[in-house]
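Chemist: Below are the sequence and a predicted model; questions follow.
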Amino acid sequence: MNKKYLSIILSVLLIFSLVSNFALYDLWQQEKDKAIELKQELNEANKQIGALNSNHEQEINKVASDFVERLFTYDPRVYENGREAALKMTIGGAKEKLIKEQTRDQYEEFGDQGETTISLVNITDSVYNKTGNETAEVIVQFEQELVLKGIRTKTMNEMKLWMYYTSDGWKIKNYEIMQVI
């Protein structure tokens, strides 16, 4: 009889052990899922903190001005791969616009004069507007000096940039070009 009670007790303990192991495994899995969720929230919070720390006028105006200079300067003495550098500074709609423009010859608008075409940019002003923790708008005013077949022309232009903070820093999300004069 003792063997019978002992086997019943061992069976009950084994079943209890298995049930408790499954229950503990379930709790462990829930805690693991919570930890993953908390890590994601922490990463998002760190991204927000990074955006807030860098969402100030000087840094964003510098990124916007660099983009405009690289995009509109056609002079290998100044920027050898300006348009490629400008492309790396974009995301979303801005990247699509630049890729679409780059599919055609970058000097197509000037005909066969690509080798003698020089365009230099002088940033005259920029206006910063914080639109959110990770977003900003900048209006950059610039003077573009174009030399085509030895003839110099100057135009005043304005470019509105919509910027977004990513893990790689501030990127141009979209832009609009307006010729002022």
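Modeler: Received, thanks.
Chemist: downstream neighbour of the longest helix anywhere in the chain in the secondary structure list?
Modeler: Assignment by DSSP state H gives helix 2-54 as the longest helix of the chain. Using DSSP states H and E, the helix or strand that follows helix 2-54 in sequence is helix 57-72.
Chemist: buried residues in the next helix or strand after that following helix?
Modeler: Counting by DSSP H and E, the next helix or strand C-terminal to helix 57-72 is helix 82-88. Of the residues in helix 82-88, 82-83, 86-87 count as buried by neighbour count, 16 or more other CB atoms under 10 Å. Any C-beta I mention is one placed from the backbone N, CA and C, and that applies to glycine too.
Chemist: what is the orientation angle of the very next helix or strand once past helix 82-88 with helix 57-72?
Modeler: Remark: after helix 82-88, the chain's next helix or strand is helix 92-103, criterion DSSP H and E. Put simply, helix 92-103 runs at 20 degrees to helix 57-72, going by axes from the mean of the first three to the mean of the last three CA atoms, to 10 degrees.
Chemist: Now the helix or strand following helix 92-103: buried residues?
Modeler: Following helix 92-103 in sequence order, the next helix or strand is strand 118-130 (DSSP H and E). Buried residues in strand 118-130, counted by 16+ other CB under 10 Å: 118-121, 126, 128.
Chemist: circling back: between the longest helix of the chain and strand 118-130, how many degrees?
Modeler: Using the same axes, to 10 degrees: helix 2-54 against strand 118-130 is 120 degrees.
Chemist: Which strand in the chain has the most residues?
Modeler: Counting residues, the longest strand found in the chain (DSSP state E) is strand 151-166.
Chemist: Work out the gap between the following helix or strand past it and the centre of the chain.
Modeler: Downstream of strand 151-166, the first helix or strand assigned by DSSP H and E is strand 169-179. Chain-centre distance of strand 169-179: 12 Å, with CA atoms, centre = their mean, to the nearest Å.
Chemist: And the average pLDDT for strand 169-179 is what?
Modeler: For strand 169-179, the mean per-residue pLDDT is 89.
Chemist: try stretch 28-45
Modeler: 91.
Chemist: State the distance from residue 10 to residue 4.
Modeler: For residue 10, the distance to residue 4 (CB to CB, to the nearest Å) stands at 11 Å.
Chemist: And for residue 91, nearest residue in space, chain neighbours not counted?
Modeler: Sequence neighbours aside, residue 171 is the residue nearest to residue 91 in space, at 4.5 Å (criterion: CB to CB, 6 or more residues apart in numbering).
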